[in-house]
Structure formats: structure tokens, C-alpha cells
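Chemist: here is my input, please return the structure:
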Amino acid sequence: MIQGLFDYQREIYLAVAEHLKLFAADRNWLALLVVLPMGVVFGAAHAVTPGHSKALLAAYVAGSQVRLSRGLLVSLALSFTHIALAVLIAVLALPLVSLALGSVGRAPALEALSRGLLGVIGLWMIWRALRGHHHRHAHEGAAVGVMAGLIPCPLTLFVMTFAIARGVPWAGLVFAVAMMAGVAVTLGVVVLLAVLFRNGSAAMLEWLGSSTAGVATFFEVATGLVLVGAALHQFLGA
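Modeler: Model (predicted):
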């Protein structure tokens, strides 16, 4: 199944490259705008493949007791950071791409920074929950989204690099925005499923006799452990 996802992702890369190549040849903006919905689909499909911090996003939303609207804001922050960072690398530091990326689609230093910061958030959540304080600052979710999105999107990096090489950087940027919308759709579905899972699990635990405060503590500690575990896995794996 994983190999099938990677094969499909390769098809996405080839299709995007073909559309950008045609635009570079005739500079027909109308033709480019027509295929932008396809860019949204590409972004959504790409976000289904491994990566994109989906598990960490789901764990945070499920364990932090945030409402659906706040969870969607977290997913938007993640999507924006994930895409924008790749655009910045391509536009501002194209000669350094080979230094920033350890292998195709990977950015080890940024991955370590992302997971390390999330690990700190995880420790904070565990400490807060064990003290019985479940109040969350308004900007915590946005910070988690930004930290989780610090890994640049390889598809966007490819699109921007290809567009710059063809002399049509603005076309690459437009396509990147369309793909960001697609990534946000997929991550929004992840948030929705996480909220449904949390609400269902909380209702079951309360039905079994757990208090509301106890359920909140359980979910928050579990989320903190997931974030800390992801950080340890990143550093021990390195």
C-alpha cells in the first residue's frame, strides 16, 4: 500500500511538471487557472502520503480538548507553514537546497527542530495535566501547528524549483497556494476524525465512571507522551 502511495505521488510530480512546462512555453494564465483545481487535488492526495505530521496533529487535537474550530485553525497553521517554508527555501535559498535537504524530500535539521519543539510542548502538557490545570493559552494550538509544519513540503519545493528553472516562478507560487488548500482539506479531515474519536472515547470513559476532570487528564497526558515519544524517536533515530 505504501509503495502504491509513493507511485501515485510520483505521478503527481510528473503531472505538475507537465502543466508548468506547458505554461512556460505559452504563458497562458487562463490555461494555468483552469488546472488549479487539479493542484488542490494534488495537494490533498500528497498530504495522504506518509509525513505531514498527521498523527501528531490528531494526537494533539484528541488530547488537548480543543473545539473543532480551534483544531481546524491548528491544521491551517500546519498547512501554511509546511508549504510556505518550502517556498522560502526555493525562492531565497535555492543554492542551499542541497545543504538543507539531507535526501530527497527530507530536511533532517528542520525535522529535528520540529520534533524537539513539539517534545517540549508535550512535557508542558504532561506537567500541566498532572497539576490539574487544563487551561490552554489561546496561541498554544497555533504554535503547535507551526512547529509541526516546520518540515518543508517536498512537492512544493519541487514545484517551485521547477518553475524557477523554467523562468515562471509566479506560476509555481500560484500552484503552491492551490496545493496548500488541498493539504489543508486533508488535515481538516484528520482534525474532524480526531474530534469525533475524542468525544466518543470521553463519553465512553465517563459512562464507565470516570470523572470529566479525570478524562481530561488522561487525554492530555497521553498526548504529551505521544509528542515526547515522537521527539525521542527523532533524536534516537538520528
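Chemist: how much space between residue 65 and residue 37?
Modeler: 36 Å (C-beta to C-beta, to the nearest Å). Every C-beta, even on glycine, is put in place using the N, C-alpha and C of the backbone.
Chemist: which of those two has more neighbours?
Modeler: residue 65 (17 against 12; other C-beta atoms under 10 Å).
Chemist: and after the lowest-mean-pLDDT helix or strand in the chain, which helix or strand comes next?
Modeler: The helix or strand of the chain with the lowest confidence, counting by mean pLDDT, DSSP states H and E, is helix 97-100 at a mean of 48. Moving toward the C-terminus from helix 97-100, the next helix or strand (DSSP states H and E) is helix 108-130.
Chemist: distance from that following helix to the middle of the chain?
Modeler: In terms of C-alpha atoms, centre = their mean, to the nearest Å, the centre of helix 108-130 is set 16 Å apart from its chain centre.
Chemist: helices or strands up against that helix?
Modeler: helix 54-64, helix 140-148, helix 212-237 (3 or more C-beta pairs under 8 Å, 6 or more residues apart in numbering; DSSP states H and E).
Chemist: okay, angle between the second one and helix 108-130 too, please.
Modeler: For helix 140-148 and helix 108-130, the angle between their directions (axes from the mean of the first three to the mean of the last three C-alpha atoms, to 10 degrees) works out to 150 degrees.
Chemist: list the buried residues in helix 140-148.
Modeler: 140-142, 144-148 (16 or more other C-beta atoms under 10 Å).
Chemist: what residues does it touch?
Modeler: Applying C-beta atoms under 8 Å, 6 or more residues apart in numbering, the contact partners of helix 140-148 are 53, 56-57, 60, 64, 66, 70-71, 73-78, 81, 114, 117-118, 121.
Chemist: I'd like the helices and strands packed on helix 108-130 as CSV, with mean pLDDT and distance to residue 190 appended.
Modeler: Shown next, in CSV, are the helices and strands packed on helix 108-130 (pLDDT from 0 to 100; distance: least, C-beta to C-beta, whole Å):
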stretch, mean pLDDT, distance to residue 190
helix 54-64, 82, 5
helix 140-148, 81, 11
helix 212-237, 74, 14
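Chemist: show me how far stretch 16-24 is from its chain's centre.
Modeler: So, by C-alpha atoms, centre = their mean, the centroid of stretch 16-24 is 26 Å from its chain's centroid.
Chemist: let me fix that: stretch 160-173
Modeler: With C-alpha atoms, centre = their mean, you get 23 Å for stretch 160-173.
Chemist: and if you look at stretch 64-76?
Modeler: 13 Å.
Chemist: give me the buried positions along that stretch.
Modeler: In stretch 64-76, counting by 16+ other C-beta under 10 Å, buried: 64-66, 70-76.
Chemist: just checking, what packs against the helix or strand hosting residue 44?
Modeler: Per DSSP H and E, residue 44 falls inside helix 36-48. Secondary-structure packing of helix 36-48 (3+ C-beta pairs under 8 Å, 6+ apart): helix 2-26, helix 154-165, helix 169-207.
Chemist: residue contacts, residue 197?
Modeler: Residue 197 touches 58, 62, counting by C-beta under 8 Å, 6+ apart.
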